[in-house]
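Visitor: Give me a 3D structure for the following:
(one chain, ligands or ions: 1)
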Amino acid sequence: MIIGVPKEIKNNENRVGLTPEGALELTKRGHHVYVQDGAGIGSGIPNADYENVGAHILPTIEDVYAKAEMIVKVKEPIESEYDLIKDDQLLFTYFHFASHRPLTEAMIRRNAVCLAYETVENPDRSLPLLIPMSEVAGRMATQQGAKYLEKPQKGRGILLGGVPGVKPAKVLVLGGGIVGTQASKMAAGLGADVTILDINLNRLRELEDIMPANVTTLFSSELTIRKLIKTQDLIIGAVLIPGAKAPNLITREMLKEMRPGTVIVDVAVDQGGCIETCKPTTHADPVFIIDDVVHYCVANMPGAVPYTSTIALNNATLPYTIQLADKGWRQACKDNKALALGLNVINGKIVYKAVAEAFDMDHTPLNDMLS
Ligand SMILES: NC(=O)c1ccc[n+]([C@@H]2O[C@H](COP(=O)([O-])OP(=O)(O)OC[C@H]3O[C@@H](n4cnc5c(N)ncnc54)[C@H](O)[C@@H]3O)[C@@H](O)[C@H]2O)c1
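Guide: Residues are numbered from 1 along each chain as shown. From the prediction side, this is the model:
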């Protein structure tokens, strides 16, 4: 198969859809890989690293789309890419269709086959191509929280781990899933006094077993949160209710109960946030202050660490990319149910129910398109 890797052109997106490690696995199997000039630069990967494993460099994005049967990238195509997409071309990337009607309509119009990273789903309902980005965001949440706790950043001026003779900072993590676990591990490793809240008792049992002694698990309730926030230094929002807006666990009026300089990192901001006062910010201007509480609410945290995020994403996507290249999308999806769930739009038809429902558009059962 001919695989194309365009350079990401979305604002501040430095990741790349395929690493040289992935390119080698594909060229070894007889596939042809075409990478746009400079596509890897934002992640520290020069053209030569691709050429050394048998991939070819093409000068422009137009060349890549014109050549490829399958496009492998990171973010959804943006408007200037729509008309580059060819009839029947397979696109393997994040789409997040349900929040973007013009994108959905454009992909229908272009007669493309759209396999979305975010809806590839294992039998246990886990989302294997979202997990790596949650891992990155969780670890980053603690790092950013520690930075904004510094006085010059308007934080309380407390060192996360303290020093001998001085007590450490208190970190409250709302939600003990992927983000919450990674955030807690980092905070505990730095010596902070960490509390994780969750409503899933089984999850709390698992965390209790694997976390070090400076981590406490508590069942999440409004009263528990109200009591705790009065004494915390850093609060990390990591709650998810699949398919729904995150619940507001901390309301505007509760901010007054917090000490000045408390830092909130609301990682769940991409699902509406679990702190009422959170609104999405960017890496260029990541924080704002309300009632002396510092809010960090960057919606695409992994974008700030493209070296790590590109490799983490590729580790997860590559097995699927190989299956798609070896078998073609139809056979690969017949053989792998998890991958098939990634199909959202096929040749002008919406095959993912939630996307059709989001826009009140027609839904075609996936099986009709696979047979
Ligand atoms: N900002 C970013 O850059 C970025 C990056 C990756 C992920 N995220 C977001 O982070 C959020 C968390 O993702 P995840 O992968 O950790 O999800 P997850 O499903 O692994 O974990 C969510 C946890 O929240 C718990 N929960 C639900 N309701 C709760 C409540 N009322 N109180 C306490 N806990 C509750 C669940 O039981 C679950 O354990 C999601 O909204 C995700 O989209 C954001």
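
Visitor: Residues of the stretch 201-350 of the chain that sit close to the ligand?
Guide: 203, 220, 238-241, 246-247, 249, 267-271, 299-302 (Cβ under 6 Å from any ligand atom). C-beta here means a position set from N, CA and C on the backbone, and glycine is covered the same way.

Visitor: so where's this protein uncertain?
Guide: Judged by pLDDT under 70, the chain has its weakly predicted residues at 243-244.

Visitor: Pick out the residue nearest the middle of the chain.
Guide: Nearest to the mean C-alpha position of the chain, counting by Cα atoms, centre = their mean, stands Met133 at 3.8 Å.

Visitor: Return the residues in contact with the residue in the chain positioned nearest to the ligand.
Guide: Across the chain, the shortest distance to the ligand (Cβ to the nearest ligand atom) belongs to Gly177, at 1.7 Å. By Cβ atoms under 8 Å, 6 or more residues apart in numbering, the contact list for Gly177 reads Ser134, Asp198, Arg203, Ala238, Leu240.

Visitor: Is Met140 in contact with Thr308, as I believe?
Guide: No - taking Cβ atoms under 8 Å as the definition, Met140 is not a contact partner of Thr308, at 9.1 Å.

Visitor: where do the contact lists of those two overlap?
Guide: Pro302.

Visitor: Quick check: which element contains the residue nearest to the centre of the chain?
Guide: helix 131-148 (DSSP states H and E).

Visitor: Any idea what His295 is bridged to?
Guide: Ile264, Phe288 (DSSP bridges).

Visitor: List the residues that contact it.
Guide: Ile264, Asp266, Ile275, Thr277, Cys278, Thr281, Val287, Phe288, Ile289.

Visitor: Most neighbours among those, please name it.
Guide: In terms of neighbour count, Asp266 stands highest of those at 31 neighbours, by other Cβ atoms under 10 Å.

Visitor: list the contacts for that one?
Guide: Asp266 neighbours (Cβ under 8 Å, 6+ apart): Ile236, Gly237, Gly273, Cys274, Ile275, Cys278, His295, Tyr296, Cys297.

Visitor: Please repeat the previous calculation with a cut-off of 7 Å.
Guide: Contact analysis of Asp266 by Cβ atoms under 7 Å, 6 or more residues apart in numbering lists Gly237, Gly273, Cys274, Ile275, Cys278, His295, Cys297.

Visitor: from those, which single one is nearest Lys75?
Guide: Cys297 (19.5 Å; Cβ to Cβ).

Visitor: Among the contacts of Gly177, name the ones in strands.
Guide: If you go by DSSP state E, these have Asp198 in strands.

Visitor: Just confirm Val114 is within a strand.
Guide: One thing to correct before we go on: residue 114 is Cys, not Val. Yes - according to DSSP: H, G, I helix; E, B strand; the rest coil, Cys114 belongs to a strand.

Visitor: Now it. Nearest residue, chain neighbours left out?
Guide: Leaving aside its sequence neighbours, Cys114 sits nearest to Val345 (Cβ to Cβ, 6 or more residues apart in numbering; 4.2 Å).

Visitor: three-state assignment of that neighbour?
Guide: Here Val345 is recorded as strand under three-state DSSP.

Visitor: For it, the count of nearby residues, please.
Guide: 29.

Visitor: Tyr40 reaches Gly17, doesn't it?
Guide: For the record, residue 40 is Gly, not Tyr. No - counting by Cβ atoms under 7 Å, Gly40 stays clear of Gly17, with 9.7 Å between them.

Visitor: Tell me where the stretch 151-300 of the chain has strands.
Guide: Ranges of strands in the stretch 151-300 of the chain, per DSSP state E, counting those that start in this stretch, are 170-174, 193-198, 215-219, 234-237, 263-266, 287-290, 293-296.

Visitor: Now distance to Tyr94 too, for the ones you listed, in JSON lines please.
Guide: Output for the strands of the stretch 151-300 of the chain, formatted as JSON lines (distance: least, Cβ to Cβ, whole Å):
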{"stretch": "strand 170-174", "distance to Tyr94": "25"}
{"stretch": "strand 193-198", "distance to Tyr94": "26"}
{"stretch": "strand 215-219", "distance to Tyr94": "32"}
{"stretch": "strand 234-237", "distance to Tyr94": "22"}
{"stretch": "strand 263-266", "distance to Tyr94": "21"}
{"stretch": "strand 287-290", "distance to Tyr94": "25"}
{"stretch": "strand 293-296", "distance to Tyr94": "22"}
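
Visitor: what's the closest of these to Phe97?
Guide: Among these, the nearest to Phe97 by Cβ to Cβ is strand 263-266 (24.2 Å).

Visitor: What segments of the protein are helices?
Guide: 20-28, 47-51, 61-67, 79-82, 101-109, 131-148, 178-189, 201-210, 222-228, 306-327, 329-335, 337-340, 353-358, 366-370 (DSSP state H).

Visitor: Which of those helices has the highest mean neighbour count?
Guide: helix 178-189 (a mean of 24; mean count of other Cβ atoms under 10 Å).

Visitor: Quick one: list the elements packing against that helix.
Guide: Applying 3 or more Cβ pairs under 7 Å, 6 or more residues apart in numbering; DSSP states H and E, we find helix 178-189 packed against helix 131-148, strand 170-174, strand 193-198.

Visitor: Which residues does it contact?
Guide: 131, 134-135, 137-139, 141-143, 160, 171, 173, 194, 196, 207, 211-212, 214-215, 236, 238, 267.

Visitor: Likewise for stretch 83-96?
Guide: Applying Cβ under 7 Å, 6+ apart, the set of residues contacting stretch 83-96 is 17, 61-62, 65, 68-77, 103, 110-118, 321, 324, 329, 344, 347.
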